[in-house]
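[1] Kindly return the folded structure for what I paste below:
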Amino acid sequence: MQRKAKACVPGVAALLAALLAGCSSGDGVGDGADDSKPGDTGSSTAPAQPGKYRTLPEPCGEVDTGTLDSMLPGIKEMAQEEQREKAYEGTPTVTYDTDRRVGCNWKVESSGASHHLLVDFERVVSYDGAVSDDERAAALYARKLKEAGIPEPSSTTESEESTGEPSEGSSASSDSSEAGDKPQGANADDPVPSGKSSKDGKGKKGKEGEEGKEGGNGVDGVSDGASSPTTPPPGLEPRTLDDLGDEAFIDDAFTTATSATRHRTVTVVFRTSNVIVTIEYDEQPGRRTDVPDSKEMQDKTRELADGLSGKFDE
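    Now for the predicted structure:
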């Protein structure tokens with residue numbers, strides 16, 4: 001019995017040595033498998049950054065009385081103090097989520113015209129972890145720019161603005177104005193957005209033929225020419241702005257129709273981080289022969305936009 005037990009010892013030792021070698025080899029493979037997870041490329045992608053602004057200001061309180069006096073002259077003509085105070089307060093726009101969008105309206109009639117002012121704040125939030133709030137807001141701004149029919153700024157345009165002269169390869173100013181009649185890449189048959197006038201004055205709500213302009217006359221018999229009161233003067237046409245917010249544009253639309261309703265609407269839209277601000281300033285003269293001054297309306301709207309932009313930077 002003892003001789004048999006001793007004979008088995010070498011065989012058991014060999015088996016144990018083989019098992020130990022196998023386990024050692026398996027542990028090395030197992031360590032490598034644990035470190036590499038399925039789909040792991042070895043680098044982690046950080047989530048997109050949230051926007052700078054988490055709340056919105058109260059729009060009815062962001063426009064001071066001096067600005068309202070200038071843009072809505074009918075307020076000064078109100079005899080009753082209670083009526084004036086209510087006009088200064090404005091009317092909040094109806095929104096379903098005041099944390100995401102708020103606005104305020106003012107509408108005042110005067111002896112010579114009626115004026116309407118709208119201020120709208122929209123805070124953009126991206127629910128895509130790969131897209132930041134700012135990127136989402138920039139995409140929404142670009143869509144508004146396209147809807148307004150304003151071409152995006154190009155390096156050629158920026159060069160002309162900085163030097164005051166067309167850059168090499170650019171055409172004369174008259175040719176460039178014709179090329180700007182429609183946004184880049186737009187279909188010639190696409191309708192003009194509601195409430196806007198196209199760059200040649202053929203708006204959706206009114207046509208030149210209805211006003212007699214195609215026959216060589218402007219509005220109400222005014223001679224047709226570069227100084228037509230229905231279109232903004234050179235340099236005041238709808239365009240992008242490079243000194244307001246992160247990006248901005250201004251639109252100027254004169255609406256004409258066969259009815260007595262004729263008015264000019266100046267719109268400024270600018271983006272600051274993940275907030276888009278829209279200002280609409282509208283004037284409708286009391287007499288059909290009167291035409292609101294484009295420069296005056298643009299100056300007032302841009303001044304208000306500059307003031308609101310500065311408050312966001314505070």
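[2] Residue 279 versus residue 121, what's the distance?
    In this structure, residue 121 and residue 279 are separated by 10 Å, where distance is defined by Cβ to Cβ, to the nearest Å. To be clear about C-beta, it is placed using only N, CA and C from the backbone, and glycine gets the same treatment.
[3] Bridged to residue 91, which residues?
    When bridges are called by DSSP bridges, residue 91 pairs up with residue 105.
[4] so what's it up against?
    For residue 91, the contacting residues are 60, 104, 105, 106, taking Cβ atoms under 8 Å, 6 or more residues apart in numbering as the criterion.
[5] now do residue 87
    Counting by Cβ under 8 Å, 6+ apart, residue 87 has contacts 68, 72, 74, 75, 78, 106, 108.
[6] do residue 74 as well
    Contacts here follow Cβ under 8 Å, 6+ apart; on that basis residue 74 touches 87, 108, 109, 110, 111, 114, 115.
[7] Provide the backbone phi and psi angles at the residue lying closest to it once chain neighbours are set aside.
    The spatially closest residue to residue 74, leaving aside those adjacent along the chain, is residue 110, at 3.3 Å (Cβ to Cβ, 6 or more residues apart in numbering). Here is the backbone geometry of residue 110 (degrees, to the nearest 10): phi -120, psi -180.
[8] Let me see the contact set for the residue lying closest to residue 73 once chain neighbours are set aside.
    Residue nearest to residue 73 in three dimensions, not counting chain neighbours: residue 110, with 5.2 Å by Cβ to Cβ, 6+ apart. Residue 110 sits next to 73, 74, 77 when contact means Cβ under 8 Å, 6+ apart.
[9] and the least confident of the residues you listed?
    pLDDT is lowest at residue 77 among the contacts of residue 110; the value there is 87.
[10] so that one, which of the three states?
    Secondary structure for residue 77, judged by DSSP: H, G, I helix; E, B strand; the rest coil, is coil.
[11] And the helices in the protein, which stretches?
    With DSSP state H applied, the chain shows helices at 2-35, 65-71, 81-89, 133-147, 155-163, 173-179, 208-211, 294-313, listed in chain order.
[12] what's residue 309 in contact with, if anything?
    Shown in contact with residue 309 (Cβ under 8 Å, 6+ apart): 244, 245, 270, 272, 277.
[13] From those, which land in strands?
    Of the positions in the contacts of residue 309, 270, 272, 277 sit in strands, assigned by DSSP state E.
[14] what's across from the first one in the sheet?
    Right, residue 270. Residues in a beta bridge with residue 270, per DSSP bridges, are residue 248, residue 277.
[15] nearest spatial neighbour of residue 100, skipping sequence neighbours?
    What sits nearest to residue 100 in space, not counting adjacent residues and going by Cβ to Cβ, 6+ apart, is residue 123, at 5.4 Å.
[16] now do residue 72
    Distances taken as Cβ to Cβ, 6+ apart place residue 108 nearest to residue 72, at 4.2 Å, with adjacent residues excluded.
[17] Was I right to think that neighbour contacts residue 71?
    No - if you go by Cβ atoms under 8 Å, residue 108 and residue 71 don't touch, sitting 9.1 Å apart.
[18] Low-confidence ranges, the stretch 1-150 of the chain, go.
    In the predicted model, the stretch 1-150 of the chain carries pLDDT under 70 at residues 1-46.
[19] ok so, going back, for residue 108 and residue 71, list the residues in contact with both.
    residue 115.
[20] Against residue 92, how distant is the residue nearest to residue 72?
    Between residue 108 and residue 92 the computed distance is 16 Å (Cβ to Cβ).
[21] Show me which of the two is the more surrounded one.
    When residue 108 is set against residue 92 and neighbours are counted by other Cβ atoms under 10 Å, the residue ahead is residue 108, at 21 against 14.
[22] measure the more buried one to residue 244 for me?
    If you go by Cβ to Cβ, the gap between residue 108 and residue 244 works out to 26 Å.
[23] circling back: ok, how many other residues are close to the residue nearest to residue 100?
    For residue 123, the tally of surrounding residues (other Cβ under 10 Å) stands at 20.
[24] again, but for the one 5 residues further on
    Using other Cβ under 10 Å, the number of residues around residue 128 comes to 10.
[25] Thought residue 139 was touching it, still the case?
    No - under the contact definition of Cβ under 8 Å, residue 128 does not touch residue 139, with a separation of 11.0 Å.
[26] Only the buried residues of stretch 55-72, if you could.
    With burial defined by 16 or more other Cβ atoms under 10 Å, the residues of stretch 55-72 counted as buried are 56, 59, 60, 62, 63, 67, 68, 71, 72.
[27] Need the residues that contact it.
    Judged by Cβ under 8 Å, 6+ apart, the contacts made with stretch 55-72 from elsewhere in the structure are 75-76, 87-92, 98-104, 106, 108, 115, 117, 119-121, 123, 275, 281, 300-301, 303-304, 307-308, 311.
[28] Now with 7 Å, please.
    Applying Cβ atoms under 7 Å, 6 or more residues apart in numbering, the contact partners of stretch 55-72 are 75-76, 88-90, 92, 102-104, 106, 108, 115, 117, 119, 121, 123, 281, 300, 304, 308, 311.
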